[in-house]
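Participant: here is a sequence with its predicted model. Questions after.
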Amino acid sequence: MYAVVEIGGHQYKVSKDDRIFVDRLDSEDEKVSIDRVLLLKDSKGNVKVGQPVVDGAKVEAKIVDHLKGDKVIVFKKKRRKGYRVKRGHRQLLTQLQIEKIS
(Lines give C-alpha, C1' and ligand atoms only; values in the text may rest on other atoms or scores of the structure.)
Protein backbone atom coordinates (compact mmCIF):
# COMPACT_ATOMS: atom_id res chain seq x y z
CA MET A 1 0.00 0.00 0.00
CA TYR A 2 1.31 3.42 -0.91
CA ALA A 3 0.05 6.96 -1.38
CA VAL A 4 1.14 10.10 -3.17
CA VAL A 5 0.78 13.11 -0.85
CA GLU A 6 1.34 16.82 -1.27
CA ILE A 7 3.26 18.61 1.47
CA GLY A 8 4.34 22.21 1.03
CA GLY A 9 3.78 22.20 -2.72
CA HIS A 10 5.90 19.07 -3.30
CA GLN A 11 4.63 15.57 -4.04
CA TYR A 12 5.99 12.50 -2.21
CA LYS A 13 5.34 8.78 -2.71
CA VAL A 14 5.05 7.25 0.76
CA SER A 15 4.26 3.89 2.29
CA LYS A 16 4.10 2.67 5.89
CA ASP A 17 7.35 3.05 7.92
CA ASP A 18 8.98 5.31 5.30
CA ARG A 19 11.12 8.24 6.43
CA ILE A 20 11.01 11.33 4.25
CA PHE A 21 12.56 14.79 4.40
CA VAL A 22 10.17 17.70 3.75
CA ASP A 23 10.49 21.47 4.03
CA ARG A 24 10.41 22.69 7.63
CA LEU A 25 6.99 22.28 9.25
CA ASP A 26 5.95 24.77 11.92
CA SER A 27 4.04 22.14 13.86
CA GLU A 28 4.81 21.86 17.57
CA ASP A 29 3.05 18.48 17.83
CA GLU A 30 4.81 15.16 17.44
CA LYS A 31 2.05 13.81 15.16
CA VAL A 32 1.05 15.28 11.81
CA SER A 33 -2.03 14.41 9.76
CA ILE A 34 -1.78 14.90 5.99
CA ASP A 35 -5.11 15.33 4.20
CA ARG A 36 -3.77 16.19 0.72
CA VAL A 37 -3.65 12.61 -0.65
CA LEU A 38 -3.50 12.72 -4.46
CA LEU A 39 -3.33 8.97 -5.17
CA LEU A 40 -3.94 5.86 -3.09
CA LYS A 41 -3.08 2.24 -3.95
CA ASP A 42 -4.16 -0.51 -1.56
CA SER A 43 -2.68 -3.98 -1.05
CA LYS A 44 -5.16 -5.56 -3.51
CA GLY A 45 -3.91 -3.38 -6.35
CA ASN A 46 -6.89 -1.01 -6.49
CA VAL A 47 -5.86 2.53 -7.37
CA LYS A 48 -7.85 5.62 -6.41
CA VAL A 49 -6.89 8.86 -8.13
CA GLY A 50 -8.18 12.07 -6.60
CA GLN A 51 -9.66 15.02 -8.45
CA PRO A 52 -7.63 16.77 -7.01
CA VAL A 53 -7.57 14.81 -3.71
CA VAL A 54 -8.95 11.43 -2.65
CA ASP A 55 -11.99 11.90 -0.40
CA GLY A 56 -11.61 10.50 3.12
CA ALA A 57 -7.96 9.50 2.66
CA LYS A 58 -5.49 10.47 5.36
CA VAL A 59 -1.82 9.82 6.14
CA GLU A 60 -0.60 9.89 9.74
CA ALA A 61 3.06 10.80 10.32
CA LYS A 62 5.34 11.40 13.28
CA ILE A 63 7.91 14.20 13.37
CA VAL A 64 11.29 12.59 14.01
CA ASP A 65 13.63 15.58 13.80
CA HIS A 66 14.10 19.18 12.62
CA LEU A 67 17.45 19.64 10.87
CA LYS A 68 19.37 21.43 8.13
CA GLY A 69 20.15 19.97 4.74
CA ASP A 70 23.52 19.84 2.99
CA LYS A 71 25.19 23.12 2.09
CA VAL A 72 24.67 24.35 -1.45
CA ILE A 73 27.31 26.73 -2.81
CA VAL A 74 26.12 29.52 -5.13
CA PHE A 75 29.06 31.07 -7.01
CA LYS A 76 28.60 33.91 -9.49
CA LYS A 77 31.33 35.31 -11.71
CA LYS A 78 31.61 37.65 -14.67
CA ARG A 79 34.77 37.14 -16.61
CA ARG A 80 37.27 39.96 -17.06
CA LYS A 81 35.26 42.23 -14.72
CA GLY A 82 36.59 41.22 -11.32
CA TYR A 83 33.07 40.30 -10.16
CA ARG A 84 32.91 37.23 -7.92
CA VAL A 85 30.27 36.41 -5.29
CA LYS A 86 30.22 33.23 -3.22
CA ARG A 87 27.20 32.40 -1.11
CA GLY A 88 26.05 29.30 0.72
CA HIS A 89 22.60 28.03 1.63
CA ARG A 90 21.33 25.27 3.94
CA GLN A 91 17.66 24.32 3.63
CA LEU A 92 15.67 23.82 6.83
CA LEU A 93 14.10 20.34 6.80
CA THR A 94 11.79 18.16 8.87
CA GLN A 95 12.13 14.39 8.95
CA LEU A 96 8.80 12.51 9.01
CA GLN A 97 8.10 8.84 9.65
CA ILE A 98 4.91 7.56 8.06
CA GLU A 99 2.86 5.57 10.59
CA LYS A 100 -0.51 4.90 8.96
CA ILE A 101 -2.29 5.30 5.63
CA SER A 102 -6.07 5.17 5.75
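Facilitator: Great, that's in hand.

Participant: spatially central residue in this structure, please.
Facilitator: In the chain, the residue lying closest to the centroid (Cα atoms, centre = their mean) is V22, at 3.3 Å.

Participant: what residues sit buried inside whichever strand or helix holds that residue?
Facilitator: Following DSSP states H and E, one finds V22 within strand 19-23. Neighbour counts over strand 19-23 (16 or more other Cβ atoms under 10 Å) mark 20, 22 as buried. Just so you know, the C-beta spots here come from the backbone N, C-alpha and C atoms, and that holds for glycine as well.

Participant: now the very next helix or strand once past that strand, how far from the centre of its chain.
Facilitator: Toward the C-terminal end, the helix or strand that comes next after strand 19-23 (DSSP H and E) is strand 31-34. Offset of strand 31-34 from its chain centre (Cα atoms, centre = their mean, to the nearest Å): 12 Å.
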